[in-house]
Every structure is written in structure tokens, then in C-alpha cells.
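**Student:** structure for this input, please:
(one chain, ligands or ions: 1)
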Amino acid sequence: MVLSPVIGKLLHKRVVLASASPRRREILSHAGLRFEVVPSRFKEKLDKASFPTPYAYAIETAKQKALEVASRMHQKDLRAPDVVIGADTIVTVGGLILEKPVDKQDAYRMLSRLNGKEHSVFTGVAIVHCCTKDGQLDTEVSEFHEETTVKFSELSEELLWEYIDSGEPMDKAGGYGIQALGGMLVEYVHGDFLNVVGFPLNHFCKKLVELYYPPRRKDVQRVKHDSIPPVDTFENLSDAEQGSSDPAQGNEGGGHWRAEAGGDRGQVPAGSQGADSNGTVGVTAQFPAGLLELIDGFKASKALFTACKLKVFDVLKDEAPLKAMDIAGKIDASVCGTERLLDVCVALGLLEKADRGYCNTDLADLHLASDGEYSLHGLAMHSNDHAWNLFTDLELAVREGANAAFGRKAEHPVQSKQTKLQFMRAMHGLTNLTARQVATAFDLSRFTSACDLGGCTGALARALTQQYPRLKVTVVDLPEVIEHVPCFQPEGRQTEQISFVPGDFFKDNLPEAELYILSRILHEWPDDKVHELLSRVSGSCRPGGGILVAETVLEENRAARGSLPASLNLLVRTQGRERTLPEYRSLLEQHGFWDVRLAHAGDRLDVVLGTRAAPP
Ligand SMILES: Cc1cn([C@H]2C[C@H](O)[C@@H](COP(=O)(O)OP(=O)(O)OP(=O)(O)O)O2)c(=O)[nH]c1=O
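**Tutor:** This next block holds a predicted model:
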């Protein structure tokens with residue numbers, strides 16, 4: 001992909017996003033950046049009057065956010081990350097700087113100021129390169145800002161209050177979110193939309209080009225053809241991880257892998273460039289770092305799975321730091337093998353290593369230890385023990401199609417006793433991560449009863465009942481699934497709003513409900529089974545009732561955001577597939593659901609809501 005070389009410059013570095021903003025996280029992860037999130041504790045209270053311009057204020061705040069995280073992480077284990085990114089978004093109107101409203105009245109004051117007018121949104125960004133010299137933190141800060149102009153329509157008082165009551169304004173600069181309901185307030189936008197949402201991705205990529213691919217006079221002189229890319233574009237740059245000009249090491253410090261010809265266009269191993277009859281130095285081959293990383297990708301997955309299986313992250317969650325020898329003793333493994341595995345986990349950003357030993361990163365503590373609400377340990381184990389084997393048959397599945405592969409090898413995991421609990425753990429972890437976003441993707445407060453078909457451990461039902469106190473949810477799943485549900489109920493958090501009913505949604509009567517939910521169900525099945533299921537739901541759903549489908553919805557060009565491996569997973573494992581919105585719309589309309597709408601529920605999941613029409 002054209003953009004990956006720029007983002008690729010950061011792939012082998014430990015990058016931290018010093019922000020609690022879910023929007024920033026989403027924008028950067030969609031761009032393919034790998035990073036940890038450590039929200040900054042810097043109090044945004046700089047004296048605005050002391051800055052010559054509003055954006056100088058935003059840049060300084062962004063810088064202080066990033067520096068606070070760098071120094072905290074350095075103090076924690078005497079090792080700072082390689083790069084810390086901070087950002088701050090402000091809205092300016094009539095010479096005033098608006099940040100996040102403190103309460104509803106404040107939101108009203110802000111929105112009234114913006115009403116019917118043009119205003120500017122500035123995001124200041126700081127990219128802090130860190131290194132440790134003699135135990136001291138050394139930083140180099142690069143900064144920039146981006147401005148976008150936004151115009152609000154003339155809005156009525158009633159509309160403003162309705163918007164404020166939606167709760168959306170409270171964590172957003174200027175009191176609105178252009179990416180959600182707030183988009184309805186906006187007449188036009190001039191400039192980078194993502195800048196308004198909190199992170200100017202385009203300018204960030206250009207800044208990376210400036211930092212990592214500075215034009216070098218030597219190249220300009222040696223190369224006759226005019227192929228030096230201008231620094232204000234980031235297209236057509238090759239990945240240049242090895243020997244890159246890392247700003248932390250000084251721009252001229254690039255190693256001998258750096259392109260000797262074609263300027264920033266490619267890397268060639270020393271000695272592999274040649275001159276043509278015109279004396280032009282040409283590139284004979286680019287160093288395919290991204291490709292090699294892809295080829296090696298399975299090794300990284302296997303290292304993660306193995307560390308999970310050996311409970312490395314559990315051991316380090318209980319007690320850290322620990323030396324390799326102590327960890328080896330606790331996981332009953334060889335010291336030399338353990339040490340290698342641990343070092344790979346450090347390189348993958350899962351562990352941290354200091355003189356006193358190894359520790360989990362926050363990411364590993366939260367997601368890779370086997371306990372905890374957001375643990376993905378079950379998913380990692382399911383991938384290791386089950387999906388891994390299925391993927392060895394990918395070639396067969398591609399040659400013959402899902403139907404042929406299904407049944408020969410790919411037994412549905414819930415039907416296999418050995419993998420049942422593991423599959424439930426995997427689904428539980430995955431659902432917990434996204435349940436709140438699914439529950440809030442649409443306002444479901446008009447429903448008082450819901451039936452979650454294939455709702456497994458009730459993770460989504462719990463999020464729904466927390467969000468909608470009037471709602472009662474019935475979870476229907478196979479008896480052998482329901483039997484294990486108590487293992488997944490957080491102690492003291494059972495709620496009378498949720499009941500579990502053993503049953504097969506293809507055979508048994510569906511419980512009565514106003515809203516039927518199918519979360520990650522339809523993609524498991526081929527069209528005929530999907531029709532069968534939808535017709536059963538449609539038969540049970542009263543007019544005015546709803547159907548809520550949570551799936552990854554494919555873009556119309558069929559490329560799903562970040563979910564292509566998941567699509568192959570369906571190919572090797574089931575007879576199902578992911579679908580586009582028009583496909584879902586058509587399926588639902590055929591079964592009497594109208595007003596079919598789509599909302600995104602985070603990185604990998606979308607929600608489609610339809611309303612049951614009255615029978616003709
Ligand atoms: C104007 C506007 C702002 N915003 C958000 C972006 C930012 O997250 C937020 C502005 O507050 P910030 O202080 O920039 O960021 P934050 O508090 O969310 O996160 P952190 O300080 O930890 O980095 O407003 C939108 O999401 N949509 C919009 O349309």
C-alpha cells in the first residue's frame with residue numbers, strides 16, 4: 001500500500017499515543033500504526049493569554065501531554081518508549097478558545113456561540129522522540145498544527161438542547177462531535193475532516209516524511225533523473241526501516257542501507273546500484289522490509305500464543321519485575337528458551353525489559369493475562385489451538401470454496417466438546433471489548449425487551465442492560481453453551497434483567513421480544529440459512545419491533561476495514577461470509593424490515609438496525 005512506507009517507519013519502534021481520546025486511537029490504528037495508549041495526566045491549564053496564537057496554545061498543550069507520558073514511563077522502568085505522540089484539539093470563535101464543556105450549561109454557551117457561524121478547529125500535534133542517555137531521558141520534539149474551518153447552520157434552541165441532552169458534547173472541544181450526531185449541525189467543512197475529529201492524519205504523514213525522509217543534497221547531485229520526491233507528499237516512498245534517518249539519532253545518521261540512488265525512493269544493499277550509459281545512478285532493487293515482515297508475521301503470532309499458553313503474562317501480572325530464570329521456573333520451561341521468547345515479546349511491545357527483569361506492558365496486563373474483563377487470552381488460545389490448524393487448510397478452502405472445506409475439516413467450534421469452553425472464552429473477550437459500542441451505536445431506549453440470539457455468555461446483554469435500565473434481555477443459545485454461562489458471570493453482577501434460555505434458534509420457538517439481536521451470527525451462515533433464520537425472526541417480531549445485526553459490514557468494494565483476515569477465517573471455518581450494507585439491507589427488506597440503518601461500533605464491528613413493517 002502506498003501509505004505504508006511512512007507509517008512503516010514507526011512499525012519497529014515502541015510508539016505510545018499519549019491520549020485518552022478514542023477518536024485519535026481509531027484514526028491512528030486505521031492508518032496501520034501499532035502503538036500503546038497511555039493517557040496523559042497533564043492538566044490542560046496553560047495560560048491561554050500568554051500564547052501569541054490559539055494554535056501555539058494547542059501545540060504547547062499537545063507537547064506537554066506527550067512529555068508527561070514520556071517522563072512518567074521513563075521513571076517507571078528507566079526506559080522511555082521510542083516515540084510519544086500527543087495532540088490537543090481546540091475550537092476558536094470570535095477570538096475565544098473553546099475546549100471541552102464542563103457541564104450542560106457550558107455546552108449550551110459554546111454551541112450558541114457557534115450557531116450559524118464559521119469557526120476554526122485547530123489540532124496541535126507533538127511527536128516526541130525519546131532516548132535514554134546515562135539513565136537520563138533525552139527528548140526531541142517535532143510539532144505542527146492543522147486548521148479546519150467549520151460552519152454551523154442556524155439551529156433552534158430546541159435542537160441545541162436536544163443535542164446537549166444526547167450527552168455527545170461533553171468530551172469534545174467546542175461541545176460537538178462532527179463524526180456523529182454533531183455532523184447534522186454542520187453546513188460545510190473546509191480542510192481536513194479528521195483534524196476536527198482530533199487528529200490531522202494527512203499532516204502527520206507529511207511530518208513523518210519530513211522527519212524520516214529528508215532530501216539529501218548528496219542524492220540530488222548524484223541522481224540525474226528528477227525523481228526526488230518533494231517532502232510535502234508521502235506517496236511512492238519505499239519503506240526504509242533499516243538505516244533510516246531516525247530523528248532521534250540525527251538526520252544524517254542513516255545507515256548504509258539507505259537509498260544511494262533515487263533519493264528517498266528505495267533502498268538498495270550497498271553495492272547493488274549501477275550507472276546506465278547516461279551516468280544515471282539507478283535503483284536495482286528496493287529492500288522489501290514490509291514484505292519480509294508479512295512473511296514473518298506468523299512467527300510473531302505464534303510467539304504471542306505461546307507466551308499466553310505458558311501463562312507468562314499471568315505470572316508477570318502477579319509478580320514483576322522477574323528475571324528470565326525466575327519466569328522459566330514458574331512456567332516450567334528452559335531458561336534459554338524462555339529468555340528468547342521473553343525478548344521477542346519485548347520486541348513485539350508485549351513486555352518491557354529493565355535491569356530488574358521483565359514486566360507486562362499495560363496492553364498485556366489488560367488483554368493477555370487470562371483474567372479481567374477485557375482479557376483476550378481466550379481468543380489467543382482459540383486462535384492457537386483451533387484457528388491455526390484451520391488456516392493450514394487455507395489453500396484448500398480457497399481452491400474449493402467454503403462449502404467444500406466445511407465438513408471435511410472445519411467442524412463448527414461450538415459443536416466440538418473440547419473446544420466449546422475455549423470458544424466461549426474467545427467470544428466473551430471479544431464481545432466485552434465491543435459490547436458497549438454495540439449497545440450505544442443506536443438509541444435503543446424505546447425497546448423494553450430484547451432477545452439476543454446466540455448471545456453466548458451474555459456479555460452483550462450485560463452492556464445493554466447497563467445502558468438501558470428498562471430493558472429485559474433473553475439470551476438464547478445452545479444448551480451446551482448455556483450450561484457453562486455461570487463460569488462467565490462476574491461475581492455480584494448477576495442481574496434480574498437478563499435471563500438465559502437454552503435452545504436452537506433454527507428449531508425452537510423464539511422468545512417474544514420487541515428487539516431481536518444477531519451479533520456475529522449471520523456471517524457464520526450461507527444465504528439459505530440466513531433466510532431461514534431471518535424468516536423465523538420476522539415471524540416473531542411485531543410491527544414496530546426491531547432487528548439489530550452486529551457484524552463487520554464490508555465496504556462496497558468488498559474490502560473490510562482491518563478485517564480481511566477475519567474474512568478468511570470465515571472461509572476456512574464456516575460456510576458463511578461477510579456482507580455489504582446493500583446485501584444486509586436486501587436480506588432484511590425481504591423479511592419485512594424497513595428503515596435499515598448502519599452505524600459503526602468501533603474498529604472492527606458495525607451495527608445494522610431495521611424496523612419490522614406491518615404486514616401488507
Ligand atoms: C470538534 C470536535 C472535537 N472532538 C474531540 C477530539 C478530542 O478528543 C476532543 C478535544 O479534547 P482534547 O483535550 O484535545 O483531547 P481528549 O481530552 O479527548 O484526549 P487527551 O487529552 O487524552 O488527548 O474533542 C471530536 O471528537 N469531534 C469534533 O467534532
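**Student:** tell me which parts of the protein are close to the ligand?
**Tutor:** 19-21, 23, 39-40, 44, 65, 87-89, 91, 100, 121, 171-174, 176-179, 182, 196-198 (CB under 6 Å from any ligand atom). Every residue, glycine included, has its C-beta placed from N, CA and C.
**Student:** out of these, which are buried?
**Tutor:** Among those, those that count as buried by neighbour count (16 or more other CB atoms under 10 Å) are 19, 21, 23, 40, 65, 87-89, 91, 100, 121, 172-174, 176-179, 182, 196-198.
**Student:** where does the protein have low pLDDT?
**Tutor:** The model of the chain has pLDDT under 70 over residues 1-5, 78, 214-286, 402-418, 490-494, 556-566, 603, 616.
**Student:** residue ranges of each domain in it, please.
**Tutor:** 3-212, 297-379, 417-612 (the TED database).
**Student:** among those domains, which is nearest G290?
**Tutor:** When the domains of the chain are compared for distance to G290 using CB to CB, the nearest one is domain 3-212, at 5.6 Å.
**Student:** and the closest one, how far from the chain's centre?
**Tutor:** Relative to the mean C-alpha coordinate of its chain, domain 3-212 is positioned 17 Å out (CA atoms, centre = their mean, to the nearest Å).
**Student:** for the nearest residue to Q489 once chain neighbours are set aside, grab phi and psi.
**Tutor:** Excluding the flanking residues, the one nearest Q489 by CB to CB, 6 or more residues apart in numbering is G458, at 7.4 Å. The phi/psi pair for G458 (degrees, to the nearest 10) reads phi 90, psi 20.
**Student:** E352 now?
**Tutor:** Torsion angles, degrees, to the nearest 10, at E352: phi -120, psi 150.
**Student:** and the residue in the stretch 101-250 of the chain positioned nearest to the ligand, how far from V15?
**Tutor:** Proximity of the stretch 101-250 of the chain to the ligand (CB to the nearest ligand atom) peaks at G198, 3.1 Å away. With distances taken as CB to CB, to the nearest Å, G198 is found 17 Å from V15.
**Student:** before we move on, what SS does the closest residue to the residue of the stretch 101-250 of the chain closest to the ligand other than its chain neighbours have?
**Tutor:** Spatially, and ignoring its direct neighbours in sequence, G198 is nearest to R23 (4.3 Å; CB to CB, 6+ apart). Three-state assignment for R23 (DSSP: H, G, I helix; E, B strand; the rest coil): helix.
**Student:** what residues are up against R23?
**Tutor:** Each residue near R23 by CB atoms under 8 Å, 6 or more residues apart in numbering is listed here: Q179, V197, G198, F199.
**Student:** now do the strands in the stretch 451-600 of the chain.
**Tutor:** Taking DSSP state E, counting those that start in this stretch to define them, one finds strands in the stretch 451-600 of the chain at 472-477, 498-502, 515-519, 546-551, 553-554, 579-580, 593-600.
**Student:** ok, the third one: who's next to it in the sheet?
**Tutor:** Pointing back at strand 515-519 there. strand 449-453 (parallel), strand 546-551 (parallel) (DSSP bridges).
**Student:** neighbours of the residue nearest to E146 when sequence neighbours are not counted, just the number please.
**Tutor:** Leaving aside its sequence neighbours, E146 sits nearest to P200 (CB to CB, 6+ apart; 3.6 Å). P200: 29 surrounding residues under other CB atoms under 10 Å.
**Student:** do the same with the one 10 residues further on
**Tutor:** By other CB under 10 Å, 17 other residues sit near E210.
**Student:** for whichever helix or strand it is part of, name the packing helices and strands.
**Tutor:** Per DSSP states H and E: E210 is located in helix 201-212. The elements that helix 201-212 packs onto, with contact taken as 3 or more CB pairs under 8 Å, 6 or more residues apart in numbering; DSSP states H and E, are helix 4-8, strand 118-133, strand 136-152, helix 193-197.
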